[in-house]
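Asks: dropping the sequence and predicted coords here.
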Amino acid sequence: MVTRFLTIAAVFLQAALMARAGLTRRQSGTTVTVNLDQTYQTIDGFGCSEAFQRAVQMSKLTEDQQQHVLDLLFSTTNGAGMSILRNGIGSSPDMSSDHMVSIQPTNPGGPTSEPKYVWDGSDNKQLWVSQEAIKRGVKTIYANAWSAPGYMKTNGNDANGGTLCGVSGATCASGDWKQAFADYLVQYIKFYQEANVTITHVGFINEPELTTSYASMRFSGSQAAEFINVLGPTLEKANLSSVGINCCDAEGWNSQAGMLGQLNSADKYISTITAHSYTSSPGGPMNTRHRVWQTEAADLNGAWQGAWFSGGGPGEGMTWANNIYQAIVNANASGYLHWIGAQTGVTNSKLIRIDGNTVTPAKRLWAFGQWSRNVRPGAVRLGVQGAPSSLRTAAFRNVDGSIAVLFINSGGSAASVQVSVTGEGAFAATSADAFVTDNTRDFNATEVSVEGGVGSVSVPARAMLSVILKQEGGDTLV
Ligand SMILES: *[C@@H]1O[C@H](CO)[C@@H](O)[C@H](O)[C@H]1NC(C)=O
Ligand SMILES: *[C@@H]1O[C@H](CO)[C@@H](O)[C@H](O)[C@H]1NC(C)=O
Ligand SMILES: *[C@@H]1O[C@H](CO)[C@@H](O)[C@H](O)[C@H]1NC(C)=O
Ligand SMILES: *[C@@H]1O[C@H](CO)[C@@H](O)[C@H](O)[C@H]1NC(C)=O
C-alpha cells in the first residue's frame, strides 16, 4: 500500500510540476490500448547461428573487433541483444572447408562398442562464441546436429543425405545406431556442461527432407518420432531431462506442419517444434500445443544490402522487421532465428559482414535488435486495440513488468500514437523509453512523453519504433 500511495503521489507531483512549469503537453494522435487480459504465446527469444565454421571466421578478427562483433550480436546495451544461439553439432571426420567436426570422428567399431569420443575444447570456436554470448546474458543455447557421423548412416557419409541406421526402413549391416547416436548427442551436451555452458535445447536433424552435398540426413516425421523415443529416455538417464528436444527444422513452415501428425507418438518428449522459412515462411499457427520457433531464415544469395529501406528488397532491414512480425504475431512463433550472425562474403546470408578486420552490420541486425532487446525471454504477447491501420503493432509484457509496444511503419508518413494499458494488473506508466530504427538510426533513443499514464510518440515514416512503458515502484494503480 505504501508504494501504491507513493506512486500516486509521484504522478500528482509530476503533473503539478509540469503544470507549474507550463509543460503540460496536448496529447494528440490515435490511442492504442494494450490489453493485459488478452494473452497469447510466451516468447523464448531471437537469435542466430555461427555454425559451419562461421565462429572460426569471427575468431580471426583482432581481439577488439571480436568483442565488437560479439557486442553487436548479443549485448543488450549496445547491440541487438540476441537471446538464442544455435550451434551445429558436428558430424564430419575433418575440419576442411566449413565442415563441423565430429566428437567421434572415427567409428568405434560398431553401435555397441565402447565409444571413442574426443573433445578439442573448441568445437570450431562455437564453445567460445557460446561463452561470450552467456557473458552478455544469453541463456538459451540450441545445439543442433545436421547429420549423424557417416558410419552411423545408410550411405556411410555425413553428407549427401542417407538415414540413421536402425530407424524404420533403414537397416544396415553394421546394426542399429539409434542408441549410439542418442549417447553421442548426450556426450556433446556433457562436454559443453564441463565448460560451464548449459545447452538448453537439442535437435538431431536439419532440413530432413533435403539431400545436399554438405552434412544432411533424411528423416520422415515418423522416423523422427522413433528416434525421439530413444533420445528422451537417454537424456533422462543422464539427468539431462531439462534439455528440451527440438524437432525437426524442416526446410519450410508448411512441410514442418505436415510432419506434426507423425510426431504424436513422441509427443511427451518434445519441447519445441522448429521450422525454417526457405520453402514456405510462417503463414499461420501450427496445430500443436508446443512452443514453435522459426529457426532459420536468410536471404541466402542476395548481394549485400545494408540499408533499412530502399525498395522493399529481401535483404533490407524493414523487410526483416516485417518477417519477424509475421512469425510472432500471425504465426504464433515463440522464437525467431536468422541463419548466420557474422560471416565473411558478399551475400545477405548474415546480419554482419566481416571483411578483413572490418565489421559491418546490416540494418537487418537492428531489425532483430528491435525485437530482441525489447521483447525479452519469458515475455507474453498481448492483444492491442485501436492501432492505426498504417502501422503493424505488437505488444508484450516482459517478466520485469514493463510493457513493450512495437510499431512498424512501412508507409510514407509519420503516425502519432498514444499508448495506454488496460486489463487486470494494468498500470499508469510513470516513465517510458522509446527506440527507433530507420535508414539513419540503428537503435537510437527517441522522444516519448508520458502524461496521465499514457505514452505519446510519433512513429516516423519507414521506421520501426518501440515504446517501453514502465512504472517506478512496480505497483499497480488500476
Ligand atoms: C567452470 O566453472 C567453475 C566454477 O566456477 C570453474 O572452477 C571452472 O574453471 C570453469 N571451467 C571452465 C572450463 O571454464
Ligand atoms: C542423477 O541425479 C541423481 C540425484 O541427484 C544422482 O543420484 C545420480 O547419480 C545422477 N545420475 C547421473 C548419471 O549423473
Ligand atoms: C500458440 O502456441 C501456444 C504454445 O506456445 C499454444 O498453446 C497455443 O495453442 C497456440 N495458439 C494457436 C492459436 O495456435
Ligand atoms: C544514433 O546513436 C548513435 C550512438 O549510439 C550516434 O552515434 C548517432 O549519431 C545517432 N544517430 C542519429 C541519427 O541521431
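Replies: Thanks, I have it. Residues are numbered from 1 along each chain as shown. Ligands and ions are numbered 1, 2, ... in the order given.

Asks: which residues does the residue in the stretch 101-250 of the chain that ligand 4 sits nearest to contact?
Replies: Relative to ligand 4, the nearest point of the stretch 101-250 of the chain is R136 (17.2 Å; CB to the nearest ligand atom). Every residue, glycine included, has its C-beta placed from N, CA and C. Taking CB atoms under 8 Å, 6 or more residues apart in numbering as the criterion, R136 is in contact with 70-71, 74-76, 79.

Asks: which members of those residues are positioned in helices?
Replies: 70-71, 74 (DSSP state H).

Asks: so which of the residues you listed is the closest to ligand 4?
Replies: For the ones in helices among the contacts of R136, the nearest to ligand 4 is D71 (12.1 Å; CB to the nearest ligand atom).

Asks: wait, N322 sits on S410?
Replies: Yes. Here N322 reaches S410: they are 7.0 Å apart, a contact under CB atoms under 8 Å.

Asks: now for the two: what residues contact both?
Replies: Counting by CB under 8 Å, 6+ apart, the residues touching both N322 and S410 are R392.

Asks: now R462: closest residue in space that isn't a chain neighbour?
Replies: In space, R462 comes closest to F309 once its chain neighbours are excluded; the distance is 4.7 Å by CB to CB, 6 or more residues apart in numbering.

Asks: what pLDDT does that neighbour get?
Replies: At F309, the model reports a pLDDT of 98.

Asks: that's a strand at it, yeah?
Replies: No. Counting by DSSP: H, G, I helix; E, B strand; the rest coil, F309 is not part of a strand but coil.

Asks: do I have it right that it meets A321?
Replies: No. Contact criterion CB under 8 Å: F309 and A321 do not qualify, at 9.8 Å.

Asks: state the pLDDT value of the residue of the stretch 101-250 of the chain closest to ligand 4.
Replies: 98.

Asks: one more: T476?
Replies: So T476 comes in at 48 (pLDDT).

Asks: got it, and A428?
Replies: For A428, pLDDT reads 89.

Asks: now it, nearest residue through space, not along the chain?
Replies: Nearest one to A428, counting by CB to CB, 6+ apart, is G453 at 2.5 Å.

Asks: the one you found contacts S420, correct?
Replies: Yes. Applying CB under 8 Å as the test, G453 and S420 come out as touching, 6.6 Å apart.

Asks: pull the number of nearby residues for whichever residue of the chain sits closest to ligand 3.
Replies: Across the chain, the shortest distance to ligand 3 (CB to the nearest ligand atom) belongs to P285, at 3.3 Å. As a burial measure, P285 scores 14 neighbours (other CB atoms under 10 Å).

Asks: confirm it sits in a strand?
Replies: No. Counting by three-state DSSP, P285 is not part of a strand but coil.

Asks: so what's it up against?
Replies: 292, 331-332.

Asks: so which of those residues also contact ligand 3?
Replies: N332 (CB under 6 Å from any ligand atom).

Asks: check which helix or strand covers S271.
Replies: strand 270-276 (DSSP states H and E).

Asks: ranges for the helices of the protein?
Replies: 2-20, 54-59, 63-74, 126-135, 178-194, 221-237, 253-259, 317-325, 363-374.

Asks: so can I have CSV of those helices showing distance to R381 and mean neighbour count?
Replies: As requested, the helices of the chain are arranged in CSV below (distance: least, CB to CB, whole Å; neighbours: other CB atoms under 10 Å):
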stretch, distance to R381, mean neighbour count
helix 2-20, 26, 13
helix 54-59, 31, 22
helix 63-74, 23, 19
helix 126-135, 24, 21
helix 178-194, 30, 20
helix 221-237, 28, 20
helix 253-259, 18, 21
helix 317-325, 11, 24
helix 363-374, 12, 27
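
Asks: tell me which parts of this protein are close to ligand 4?
Replies: 440-441, 444.

Asks: one more time with 8 Å
Replies: Among all residues of the chain, those adjacent to ligand 4 (criterion: CB under 8 Å from any ligand atom) are 78, 440-445.

Asks: name only those of those that count as buried.
Replies: 441-443 (16 or more other CB atoms under 10 Å).

Asks: which ones are touching the closest residue to I403 other than its chain neighbours?
Replies: In space, I403 comes closest to L469 once its chain neighbours are excluded; the distance is 4.4 Å by CB to CB, 6+ apart. Going by CB under 8 Å, 6+ apart, L469 touches 402-403, 405, 419, 421, 429, 432, 450, 455.

Asks: which of these are buried? Put it as a PyMOL command.
Replies: Applying 16+ other CB under 10 Å to the contacts of L469 leaves a buried subset, and the PyMOL line that selects it is:
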select buried, resi 402+403+405+419+421+429+432+450+455
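
Asks: can I get the contacts of L469 in TSV with distance to L365?
Replies: Converted to TSV, these look like this (distance: CB to CB, whole Å):
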residue	distance to L365
S402	23
I403	25
V405	22
V419	26
V421	30
A429	29
A432	24
V450	29
G455	26
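
Asks: format the contacts of L469 as JSON lines; extra columns: distance to ligand 3.
Replies: Converted to JSON lines, these look like this (distance: CB to the nearest ligand atom, whole Å):
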{"residue": "S402", "distance to ligand 3": "21"}
{"residue": "I403", "distance to ligand 3": "20"}
{"residue": "V405", "distance to ligand 3": "20"}
{"residue": "V419", "distance to ligand 3": "25"}
{"residue": "V421", "distance to ligand 3": "23"}
{"residue": "A429", "distance to ligand 3": "28"}
{"residue": "A432", "distance to ligand 3": "28"}
{"residue": "V450", "distance to ligand 3": "32"}
{"residue": "G455", "distance to ligand 3": "28"}
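
Asks: what sits against the closest residue to V186 other than its chain neighbours?
Replies: Closest residue to V186 apart from its sequence neighbours, by CB to CB, 6+ apart: A238 at 4.9 Å. Counting by CB under 8 Å, 6+ apart, A238 touches 186, 189-190.

Asks: ok, S420 next?
Replies: Going by CB under 8 Å, 6+ apart, the list of residues near S420 reads 31-34, 453-455.

Asks: quick one: which of those residues is nearest to A379?
Replies: Set against A379, the nearest of the contacts of S420 by CB to CB is V34 (12.5 Å).

Asks: who does that closest one bridge with?
Replies: Beta bridges link V34 to V384, V421 when assigned by DSSP bridges.

Asks: and it, how many neighbours?
Replies: Counted with other CB under 10 Å, V34 comes out at 27.

Asks: for it, give its distance to A404.
Replies: Counting by CB to CB, to the nearest Å, the gap from V34 to A404 is 9 Å.

Asks: list residues touching both of the two?
Replies: A395.

Asks: mind telling me which residue of this protein is nearest ligand 4?
Replies: Counting by CB to the nearest ligand atom, the chain gets nearest ligand 4 through N444, at 3.8 Å.

Asks: tell me the contacts of that residue?
Replies: So N444 contacts 435-437 (CB under 8 Å, 6+ apart).

Asks: is it possible to mark the buried ones in the contacts of P285?
Replies: 292, 331-332.

Asks: tell me the one among the residues you listed nearest to G369.
Replies: Closest to G369 out of these is A331 (21.0 Å), distances taken as CB to CB.

Asks: quick check: pLDDT value at that closest one.
Replies: pLDDT, A331: 98.

Asks: for P93, same thing?
Replies: So, for P93, pLDDT stands at 98.

Asks: I'd guessed it sits against P149; true?
Replies: Yes. Using CB under 8 Å, P93 is in contact with P149, at 7.3 Å.
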